[in-house]
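Novice: Curious how this folds, go ahead:
(2 chains)
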Amino acid sequence: MAFAFVPLSWSVPHFGAFWRELREEYPTFEVHPPIGEFKVEFNSVAPGTIADLPVRCWFKNDQSNRLIQVQNNRFFHNWRRPNPSAQYLHYAELKPVFEKEWDRFRDFVQRYDLGVPNVLSCEVAYINHLDRRVGWDNFSDLSSIFPSVGSFEGSFVKKPETIAANVSYVMPSHEGRLNVVIQPAIRQLDGKEIIQLSITGSCRPASSDTNELMRCLDSCREWVVRGFDDLTSPNMHKIWRKK
Amino acid sequence: MAQALQFPNLFGLERSRQDQDSNRRQWSGVKSLQSPAWLKETYDRISALKTLEENWDSYGGLPVAEGAISTTRVVLSNLDIEDMPKPHVAPLPDGGIGLHWRLGDRDVEIEVESNGAIHFLRTTLGHDSTPGDARSLKDVQDVLDWALGK
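Specialist: Okay, here's the model as predicted:
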């Protein structure tokens, strides 16, 4: 889950100050380049001095299953299953955690006089790894997973080696979009071949009021779940023990 | 007064930026099977080595070990190999897998043993070869970077 907002006057020291408040629950951090377009600003009065350094910080919890990401115009809370036998956390369990962390972030921003986050977009993303030989086998035939995907086979070009897709759908009120990305990939942890299915619902809230933001997240999540059900095959639902 | 240095979109395509963003959002790392273009073919070649039976080389060669296959896959998925040409993939008599690249007068062999240990041999044609043990993926990356003249 994520919010994108109008850039704050957030600078490098704020990452440290914010981490101090999280550190008990999120004891480790990583520094990454930001998401979206970014620029490095140099101070022309003091040449060679960087006025603004684009950075995104990860703050990870002890179990390494929850992650907070912060940059000057985005806030994320991610959850991942640390191992296949671990309990799956559903949206209903994760949303209150996100709301709590967002409140903590917003409170920090206000205390440090960084402004009030003016939220432009709410986002719910599900990333699924579909292991090869678990319900599907061939990268050139994705119809066993996604019945609506065609064969892309012609009389001259024959069978494709791989198929990837990037599809977007407009939500009826035009307040958002559902983005579906199907990508043949290798999981770097174990080198296994997978199809990575990323489904992201994003929409623009009418205001930055918490109730409105949570309503938008619910709307995004509904699109993600219904999109997933629509686009994936009943056979795969059975395999994933999906009712 | 601040001057802004906009980072150029080196890929030239908006789609690429979206893909980059998508990858940056990832927590569990993945590598596209479509880049470099030869990766899928090489993966298939590595998988096909599973079918080799004992004495596949008529000199008592061992079947390729599952550990060698999985380690080779992990290695390939974690290296920066975008600029590398397709490697030659070959089984090794002791159950390991060899990857071989030749770039100009530089030659690199990476050997993954059946227990997952990795060794390399780098050679400038006409000169002696330099062997080594790779203790980390960085060691393997350094050898490939050497082959590319980086």
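
Novice: What are the boundaries of the strands in the chain?
Specialist: Since you didn't name a chain, this refers to chain A. Taking DSSP state E, the strands of chain A run over residues A:2-5, A:28-32, A:39-43, A:49-52, A:56-60, A:66-71, A:74-79, A:119-131, A:165-170, A:176-187, A:193-203.

Novice: you looked at the wrong chain, it should be chain B
Specialist: Along chain B, the stretches classed as strands by DSSP E are B:2-6, B:30-32, B:88-91, B:97-103, B:106-112, B:118-124, B:129-134.

Novice: Name all residues that make contact with residue A:201.
Specialist: Contacts here follow Cβ atoms under 8 Å, 6 or more residues apart in numbering or on different chains; on that basis residue A:201 touches A:123-125, A:171, A:176-179, A:219-224, A:227. For glycine as for every other residue, the C-beta is placed from the backbone atoms N, C-alpha and C.

Novice: ok, now residue B:28?
Specialist: Contacts of residue B:28 by Cβ under 8 Å, 6+ apart are A:80, A:127, A:129, A:187, A:188, A:189.

Novice: Residue A:204 versus the last one, what's the distance?
Specialist: From residue A:189 across to residue A:204, the span is 35 Å (Cβ to Cβ, to the nearest Å).

Novice: and stretch A:162-179, how far out from the chain's middle?
Specialist: Averaging C-alpha positions (Cα atoms, centre = their mean, to the nearest Å) puts stretch A:162-179 15 Å from its chain's average.

Novice: my guess is residue B:116 meets residue B:71, correct?
Specialist: Yes - counting by Cβ atoms under 8 Å, residue B:116 does reach residue B:71; the two are 4.2 Å apart.

Novice: what is the one residue sitting closest to the centre of chain A paired to in the beta sheet?
Specialist: Closest to where the C-alpha atoms of chain A average out (Cα atoms, centre = their mean) is residue A:125, at 4.5 Å. Beta-bridge partners for residue A:125, by DSSP bridges, are residue A:200.

Novice: which of the residues in stretch A:72-86 are buried?
Specialist: By neighbour count with 16 or more other Cβ atoms under 10 Å in any protein chain shown, stretch A:72-86 contains the buried residues A:72, A:73, A:74, A:75, A:76, A:77, A:78, A:79.

Novice: now what about it, what contacts it?
Specialist: Contacts for stretch A:72-86 (Cβ under 8 Å, 6+ apart): A:1-8, A:10, A:34-36, A:54, A:56, A:63-70, A:88-89, A:94, A:97-98, A:101-102, A:105, A:117, B:25, B:27-28.

Novice: Straight-line length of it, end to end?
Specialist: In stretch A:72-86, first residue to last residue: 33 Å (Cα to Cα, to the nearest Å).

Novice: now do stretch A:23-36
Specialist: 26 Å.

Novice: next one: stretch A:56-70
Specialist: 6 Å.

Novice: Now for the residue in chain A that chain B sits nearest to: which residues touch it?
Specialist: Here the residue of chain A nearest chain B is residue A:191; by Cβ to the nearest Cβ that distance is 2.9 Å. Contacts for residue A:191 (Cβ under 8 Å, 6+ apart) come out as B:70, B:71, B:72, B:73, B:74, B:75, B:76, B:77.

Novice: From those residues, pick the one nearest chain A.
Specialist: Using Cβ to the nearest Cβ, the shortest approach to chain A within the contacts of residue A:191 belongs to residue B:73, at 2.9 Å.

Novice: In contact with the closest one: list those residues for me.
Specialist: Listed by Cβ under 8 Å, 6+ apart, the contact partners of residue B:73 are A:186, A:190, A:191, A:192, B:43, B:46.

Novice: follow-up on the earlier one: any chance of a markdown table for the contacts of residue B:28, columns pLDDT and distance to residue B:120?
Specialist: Conversion of the contacts of residue B:28 to a markdown table gives the following (pLDDT from 0 to 100; distance: Cβ to Cβ, whole Å):
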| residue | pLDDT | distance to residue B:120 |
| --- | --- | --- |
| A:80 | 86 | 34 |
| A:127 | 93 | 34 |
| A:129 | 91 | 30 |
| A:187 | 93 | 24 |
| A:188 | 91 | 20 |
| A:189 | 88 | 23 |
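
Novice: one step back: higher neighbour count, residue A:189 and residue A:204?
Specialist: For residue A:189 and residue A:204, the more surrounded residue by other Cβ atoms under 10 Å in any protein chain shown is residue A:204, and the numbers stand at 16 against 13.
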